[in-house]
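K.L.:
everything below, folded, please.
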Amino acid sequence: MAIEDEIINISDIDIGTEILNSDKLLIETSNGTKMIAFKDFVIGTDNISFANRLNDENGTVEGEADTFYNVVTGFNILNNQTTPGLNTQYDQISGTVELGKFNFNAIANLASVSADIATNTSALAEIRTVIDNLANLLESTDSTVLNTVTLQTSACNCIVDGATKTKKGVAFTNKILDPSSTNPNCTITLDPFTIKFPDAGEGFVDGSRFMIIGSFTYSLPLGGGGSARNRNSTFTCFKNKSDGSSQEVFSVFKEGTDSNRGRIQTSSFTEVVTINTGDTLRFTASRMINRGKLDIFKIS
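P.N.:
Below is the predicted model of the structure:
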């Protein structure tokens, strides 16, 4: 048989109507002609020339599409500056998906507390009515006893600044908030600083909890060689009790190093302290203070 009788043209091959996973494709590679199973034939967007491009109304490929975002509660949301007809991917719309979940959870939570809101609104309206009636009653009475009543709170809130160190402790030069404005039976001394809380029966709740916020700056000595202990700083709060005894409430320690000698240092702290009737607070510092502030306020 002649060789030309064995030649098969592509046009003579039977036409298939489907491709199965088990079928194979013939490909030409740099290492020769190969066969690849159809299930392994994958084309990603990086290999598609028109991926992420805009199709016009006639179906022809125009240029690259642009994306623009607005940030809504931390989520990137595509805005109307984005090219119309963009073939979006999940990472481009993930912000919209997450925002939808966020809003759903917020609405669900709001629905769960809506009954409580209605109940509280009704209770507040009733309380206002009662208070208005009580105020009218007090204003219309001529009782000598009622007219001499002085309302007091147990807050004893205090703010002082302009800190300095004295031989007796930490002192301040400015009284920004006098605790007597929130309880007339609470008194402070600026030099050295002490705050005396009311005694029993003076509008103060025994076992009240106060938050103390302090911030002080000081200079470390230049010094040379030796231990860095002389550059350490300590701020200590003491409580003098009504029975005459004293105890340390808290102490804030900051270690000095060779690298920060001669520099301005800052020591800040936030502490919660339980105060009983008749207690007095005072502070000491191990280092000379350039400036500082102390904020004491009732939290419960």
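
K.L.:
distance between stretch 239-257 and the chain's centre?
P.N.:
Here stretch 239-257 is found 30 Å from its chain centre; the criterion is Cα atoms, centre = their mean, to the nearest Å.

K.L.:
now what about that stretch, what contacts it?
P.N.:
Outside stretch 239-257, the residues within contact range by Cβ atoms under 8 Å, 6 or more residues apart in numbering are 194, 199, 214, 220, 228-238, 265, 267, 269, 271, 273, 275-282. Bear in mind the C-beta positions are built from the backbone N, C-alpha and C, glycine included.

K.L.:
and those, which are buried?
P.N.:
194, 214, 220, 231, 233, 235-238, 265, 267, 273, 275, 277-282 (16 or more other Cβ atoms under 10 Å).

K.L.:
return the distance of the host helix or strand of L124 from the chain's centre.
P.N.:
Taking DSSP states H and E as the definition, one finds L124 inside helix 90-140. Relative to the centre of its chain, helix 90-140 is centred 22 Å away, using Cα atoms, centre = their mean.

K.L.:
what is it packed up against?
P.N.:
Packing partners of helix 90-140 (3 or more Cβ pairs under 8 Å, 6 or more residues apart in numbering; DSSP states H and E): strand 69-72, strand 75-78.

K.L.:
now render these as TSV, adding mean pLDDT.
P.N.:
Formatted as TSV, those follow (pLDDT from 0 to 100):
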stretch	mean pLDDT
strand 69-72	82
strand 75-78	80
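
K.L.:
how far away is T182 from S242?
P.N.:
T182 sits 20 Å away from S242, going by Cβ to Cβ, to the nearest Å.

K.L.:
same check, this time on F297
P.N.:
F297 is 22 Å from S242, by Cβ to Cβ.

K.L.:
assess the claim that M288 and T166 are in contact.
P.N.:
No - judged on Cβ atoms under 8 Å, M288 makes no contact with T166 at a distance of 10.1 Å.

K.L.:
intersection of neighbour lists for these two?
P.N.:
By Cβ under 8 Å, 6+ apart, no residue touches both M288 and T166.

K.L.:
ranking the helices and strands packed on helix 90-140 by burial, who's on top?
P.N.:
Mean neighbour count (mean count of other Cβ atoms under 10 Å) peaks for strand 75-78 among the helices and strands packed on helix 90-140, with a mean of 17.

K.L.:
what is the distance between that one and the centre of its chain?
P.N.:
With Cα atoms, centre = their mean, you get 22 Å for strand 75-78.

K.L.:
least confident secondary structure element in the chain?
P.N.:
Ranking every helix and strand in the chain by mean pLDDT, DSSP states H and E puts strand 53-55 at the bottom, with a mean of 53.

K.L.:
residues contacting A163?
P.N.:
A163 sits in contact with 170-172, 216, 289, 291-294, where contact means Cβ under 8 Å, 6+ apart.

K.L.:
try 10 Å this time
P.N.:
170-174, 193, 214-218, 235, 283, 285, 289-294 (Cβ atoms under 10 Å, 6 or more residues apart in numbering).

K.L.:
which positions within stretch 285-300 qualify as buried?
P.N.:
Here stretch 285-300 shows 285, 287, 289, 292-298 as buried, counting by 16+ other Cβ under 10 Å.

K.L.:
look up the closest residue to D199, ignoring the ones flanking it.
P.N.:
G278 (4.9 Å; Cβ to Cβ, 6 or more residues apart in numbering).

K.L.:
isn't that neighbour right up against K196?
P.N.:
Yes - between G278 and K196 there is a contact at 8.1 Å, judged by Cβ atoms under 10 Å.

K.L.:
look up which residues are beta-bridged to K196.
P.N.:
T187, T280 (DSSP bridges).

K.L.:
mind checking which of the buried ones among the contacts of stretch 239-257 are in strands?
P.N.:
194, 214, 233, 235-238, 265, 267, 273, 275, 280-282 (DSSP state E).

K.L.:
those residues: which two are farthest apart?
P.N.:
Q265 and I275 (29.5 Å; Cβ to Cβ).

K.L.:
surely S22 forms part of a strand?
P.N.:
No - assignment of S22 by DSSP: H, G, I helix; E, B strand; the rest coil gives coil, placing it outside any strand.

K.L.:
can you pull the contacts of the residue lying closest to it once chain neighbours are set aside?
P.N.:
With sequence-adjacent residues excluded and distances taken as Cβ to Cβ, 6+ apart, S22 is closest to A37, at 7.1 Å. Under the criterion of Cβ under 10 Å, 6+ apart, the neighbours of A37 are 20-25.
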